[in-house]
Every structure is written in C-alpha cells, then in structure tokens.
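Engineer: everything below, folded, please.
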Amino acid sequence: MTGMGWISRRILVTGADGFLGRSVVAALAREGVGTIVATDVRDVPVERRLPGVTYRVQDVRDPGLAQTLADTAIDSVVHLASIVTPGKGSSREFEYSVDVLGSQNAVSYTHLRAHETG
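Structural biologist: Residues are numbered from 1 along each chain as shown. Got it, this is the predicted structure:
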C-alpha cells in the first residue's frame, strides 16, 4: 500500500521496541499511517518514541489485548513479539507461552473482527 491508502489504517504493532519492531513502527510513521499503536512488554524509552505513535506497555499474552484492539478500532496487526534469544532463566513453557499462545492471542481478535465485518 502506498500513498493515501495508509492514512485511514489503524495498525497495532506487537513487540514494538524490538529490533524489527522499531524499524516497522518508524516506517509506518514515515508513511503517515493514520493510527499506530505500539505495544511491548517493556516501556519504550522516551528517546525512542516517535511523534504520532501511541505507546502501550502490554504483554502479547495479556487477555486485555483484545480490549486494546477494540478500544483503538485496530484494523491491522503486525505481530512481532517473540522470544528471539532466550535468556539464561528461560524455559520452553515460557517461550511457548509467548511465541505460540501470544500469537494466538494477537490474532484471535482480528479473526473475530474479520468475520464481523466480512
């Protein structure tokens, strides 16, 4: 999508403060996307925040993510939250909860919304 098509989009980015997430949020902001909601499990430092982007601390596994999507009338999700490099204290259960259950949580609302509007 190029040009004016981005202006009306309402996009949520999970994992927004990760390496890829920061780049995607910056590109969407440069393209003039109408609404960008950037979520991450950690607070995004002020020096990395971009104007016009709404930042929220939210774990992708949080059941309240559906409410965030509904409250902001999101129509597209860029799901980038994942465990890329597990830490020393990580476990398979934790990684599964983020990578698999978190993914299911992120897409469940958009799946329901597609059926409501489609």
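
Engineer: quick one: list the elements packing against whichever strand or helix holds V77.
Structural biologist: Secondary structure from DSSP states H and E places V77 in strand 76-79. For strand 76-79, the elements it packs on are strand 10-14, helix 102-117, judged by 3 or more CB pairs under 8 Å, 6 or more residues apart in numbering; DSSP states H and E. Where C-beta positions appear, they are placed from N, C-alpha and C, glycine not excepted.

Engineer: the residue nearest to R42 when sequence neighbours are not counted and V24, how far apart?
Structural biologist: Distance criterion CB to CB, 6 or more residues apart in numbering; nearest residue to R42, sequence neighbours excluded, is D17 at 6.0 Å. The gap separating D17 from V24 is 11 Å, by CB to CB, to the nearest Å.

Engineer: mind listing the strands for the chain?
Structural biologist: 10-14, 35-40, 53-57, 76-79 (DSSP state E).

Engineer: tilt between the second one and strand 10-14?
Structural biologist: It refers to strand 35-40. Counting by axes from the mean of the first three to the mean of the last three CA atoms, to 10 degrees, strand 35-40 points 10 degrees away from the direction of strand 10-14.

Engineer: and strand 35-40, what does it pack against?
Structural biologist: Applying 3+ CB pairs under 8 Å, 6+ apart, one finds that strand 35-40 contacts strand 10-14, helix 19-31, strand 53-57, helix 65-71.

Engineer: circling back to that earlier point, TSV please, covering the strands of the chain and showing mean pLDDT and mean neighbour count.
Structural biologist: Output for the strands of the chain, formatted as TSV (pLDDT from 0 to 100; neighbours: other CB atoms under 10 Å):
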stretch	mean pLDDT	mean neighbour count
strand 10-14	95	22
strand 35-40	97	24
strand 53-57	97	16
strand 76-79	92	17
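
Engineer: can you put those in TSV and add distance to P86?
Structural biologist: What follows is these, written out as TSV (distance: least, CB to CB, whole Å):
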stretch	distance to P86
strand 10-14	18
strand 35-40	17
strand 53-57	21
strand 76-79	19
